[in-house]
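Student: Predicted model and sequence below, questions to follow.
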Amino acid sequence: MKVILTEKITKLGNIGDAVEVKTGFARNFLLPNGKAMRWTRENVALFEAKRAELVAREAAAKKEAESHVDAVKNAKLHMIRQAGDTGQLYGSVSSRDIARMLKDVANVTITSAQVLLGSPIKSIGAFDTKIALHPDVVVPVKVFVAQTQDEIDALVAGKVLTFGTKKVEEETTAEEEKPAEKPAEEKAAEEKAEESKAE
């Protein structure tokens, strides 16, 4: 089906472009959302009459998107999820989850289609993705997924999480605490020795 785009659409075209698209895509997405109009001579004339208004609306949308760039860049996209021993999530983190979290932490409302995630996240770790606030305003973001806030803090600090090391970390901290007790015992022994010498 041939349509005239009424707004810029990534990988399809700019405002005013006449493009061939699949009928289902046009009927289910482009036409109902006002992103395009059927290509007819009447609609071409109608579009030309509205062109200035549509271009101004597109420029305003881009400007608004640019105003949210800092909020999106600084948003802490930290997701706490349950996972198995191998780090595989019970479930997944989808683009809808990221869009919802962005609304909560940065007060930026986007659709899940604007999260350029590709496939859902199914394991623990730090993941690079992009948020398309506008076809010309795409912001790279990092999504951190872990089982606890401590694990997220470790990921943010750039540490690599390997499963099973948590016990090792606990053991090393326990060993570090033991030497701290020893000098106190030695001090007490030294004090007793000094007391006995004084007697």
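Tutor: Thanks, I have the structure now.
Student: which residues touch residue 142?
Tutor: 77, 126-129 (C-beta atoms under 8 Å, 6 or more residues apart in numbering). (Each C-beta comes from the backbone N, C-alpha and C, glycine too.)
Student: Please pick the buried ones from the residues you listed.
Tutor: Neighbour-count burial (16 or more other C-beta atoms under 10 Å) is assigned, among those, to 77, 126-127, 129.
Student: picking up where we left off before, I'd like the contacts of residue 142 as TSV, with secondary structure appended.
Tutor: Listed next are these as TSV, based on DSSP: H, G, I helix; E, B strand; the rest coil:
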residue	secondary structure
77	strand
126	strand
127	strand
128	strand
129	strand
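Student: on that earlier part again, now, among the buried ones among the contacts of residue 142, which is nearest to residue 46?
Tutor: residue 129 (38.2 Å; C-beta to C-beta).
Student: what residues are up against that closest one?
Tutor: 98, 115-118, 140-143.
Student: Going by neighbour count, list what's buried in stretch 13-32.
Tutor: Quick answer for stretch 13-32 (16+ other C-beta under 10 Å): 13, 15-16, 19, 21, 26, 30-31.
Student: Output those residues in a markdown table, with pLDDT appended to each entry.
Tutor: Listed next are the buried residues of stretch 13-32 as a markdown table, based on pLDDT from 0 to 100:
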| residue | pLDDT |
| --- | --- |
| 13 | 89 |
| 15 | 89 |
| 16 | 88 |
| 19 | 93 |
| 21 | 92 |
| 26 | 91 |
| 30 | 91 |
| 31 | 92 |
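Student: from those, which is closest to residue 4?
Tutor: Using C-beta to C-beta, the buried residues of stretch 13-32 come closest to residue 4 at residue 16, 6.7 Å.
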